[in-house]
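Asks: Sequence and computational prediction follow.
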Amino acid sequence: MEQPNPSEDPGLTVRRLLRAQPRAALGTLLAETGEPYVSLAMVAVDHDARPILLISDLADHTRNIRRDPRVSLLFDGTAGLAVPLTGARASVQGRAVCVDGDARLARRYVAHHPDAELYLGFKDFHLFKVEVERAHLVAGFGRIHWLEAGRFLYDTSSAGPLAEAEAEIVAHMNEDHADAVQLYAERLLGRTGGGWKLVGVDPEGADLLREGETARLWFDKPVHDAESCRVELVRLVKRARAMAEEAAAGASG
């Protein structure tokens, strides 16, 4: 991960962490004793950045949530840094609410974690959304903030059309514009390897996936429907192609 920008709004820093991390440490309270318990959870986030979980009744953390829905999720953005404590991490607190039957959230979760599709139909697996209340951000030495949810959640009041069109946008990009997705990964994000796929779009950007490796493509300006998303994706692929042409010209020169 990159070093956090010290001038960036803390709420945006928290949201960047939530959108970029595919996993988190999940803290719950043991059903038997009330003592703290931490486990690993694979996470996606909704368009407003609220976390989504798919968890099994066989797991201790699910039994804990059934008894007491209070949870804390640690999103760690310090991987790859020479001095991890200089990186950003956020502990998000809230209550886990079962949302079985929400087809859109299920599709979004499975798109980000394709292996989860096998478990989605099992009776002992359940979809939860975390209704976040606050977050504790540490973004390097001395940059420490407690933030209420309104400071870091994204206002999606005007972005309903994008959420409705997301699955169609993702399918169209992967089926008809796979070359563009590959250019995003290689030229704009500096990733290697072929086979990158688009797995999600939200008002602030797009998520890419390749064999378990994730990448986040941030838009320069927010989008709220299919057309504005198309315009932004086209603009970004033009930038990526220009970079590729420049690199080719430099190599030949």
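Replies: Ah, there it is. Please read all numbers here as calculations on a predicted model, not as lab measurements.

Asks: I'd assumed V170 was in a helix, is it?
Replies: Yes - counting by DSSP: H, G, I helix; E, B strand; the rest coil, V170 is part of a helix.

Asks: Burial check on it, number of neighbours?
Replies: For V170, the count of nearby residues is 21 (other Cβ atoms under 10 Å). Where you see a C-beta, it was placed from the backbone N, CA and C, and this is true even at glycine.

Asks: So H224 is in contact with S157, correct?
Replies: No - shown here, H224 and S157 do not form a contact pair, counting by Cβ atoms under 8 Å, at 9.5 Å.

Asks: Settle it for me: which of those two has more neighbours?
Replies: With neighbours defined as other Cβ under 10 Å, H224 and S157 compare such that H224 has more, 17 against 8.

Asks: Need the three-state assignment for the more buried one.
Replies: coil.

Asks: Not counting residues beside it along the chain, what's closest to it?
Replies: A159 (4.4 Å; Cβ to Cβ, 6 or more residues apart in numbering).

Asks: and what of L74?
Replies: A25 (4.1 Å).

Asks: average pLDDT for the helix or strand harbouring the one you found?
Replies: Per DSSP states H and E, A25 falls inside strand 23-29. Mean per-residue pLDDT for strand 23-29: 98.

Asks: which neighbours does the next helix or strand after it have in its sheet, and in what orientation?
Replies: Next along the chain after strand 23-29, taking DSSP H and E as the criterion, comes strand 36-45. Note on strand 36-45: by DSSP bridges, its sheet partners are strand 23-29 (antiparallel), strand 51-56 (antiparallel).

Asks: about what we covered before: give the buried residues for the strand holding A25.
Replies: Within strand 23-29, the residues that count as buried by 16 or more other Cβ atoms under 10 Å are 24, 26-29.

Asks: List the contacts of the closest residue to C229 other than its chain neighbours.
Replies: Closest residue to C229 apart from its sequence neighbours, by Cβ to Cβ, 6+ apart: V223 at 4.3 Å. By Cβ atoms under 8 Å, 6 or more residues apart in numbering, V223 lies in contact with 159, 162, 201, 203, 229, 231-232.

Asks: Pull up the pairing partners for the longest strand belonging to the chain, direction included.
Replies: Among the segments of the chain that qualify as a strand by DSSP state E, the longest is strand 125-139. Each strand that pairs with strand 125-139, with its direction, by DSSP bridges: strand 51-56 (antiparallel), strand 88-98 (antiparallel), strand 144-148 (antiparallel).
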